[in-house]
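In: my questions concern the predicted model and sequence given below.
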Amino acid sequence: MSPVNMTASAYKHGFSIEEAMHVMLSLANSQLISTTRRDAEWVFVGFPYQGSGRPIELIAELIPPRTVEVFHLSDLTDHYRYPWRD
């Protein structure tokens, strides 16, 4: 397993792993959603690449010690707009 994995559902809206990485690394905004014994789920909101005006949401499990599994990546919806700062 590599440090960043994307499930089939994460590719459903046509975004790439490079765009997912950009959202997480630029860290526009993020919010902890839930925690379990095994992992923590986070939502990240940001842009898929520098200069983009299209905000997207990414939801991932952060699994210790260093695995990130992205399972949702889509255009920003009202459901996850709360971490977004204009």
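Out: Everything's here; your move.

In: look up how far Ile59 lies from the closest residue to Ser9 other than its chain neighbours.
Out: Residue nearest to Ser9 in three dimensions, not counting chain neighbours: Phe71, with 5.6 Å by C-beta to C-beta, 6 or more residues apart in numbering. All C-beta atoms are positioned from the backbone trio N, CA, C, and that covers glycine. Noted for Phe71: a distance of 6 Å to Ile59, by C-beta to C-beta, to the nearest Å.

In: and those two? Which one has more around it.
Out: Set side by side, Phe71 and Ile59 show more neighbours around Ile59, with 18 against 15, by other C-beta atoms under 10 Å.

In: neighbours of the closest residue to Pro3 other than its chain neighbours, how many?
Out: Counting by C-beta to C-beta, 6+ apart, Pro3 lies nearest to Arg66, which is 5.5 Å off, once chain neighbours are set aside. Neighbour count of Arg66, defined by other C-beta under 10 Å: 9.

In: quick one: the strands in this structure?
Out: 4-6, 29-35, 40-46, 56-63, 67-75 (DSSP state E).
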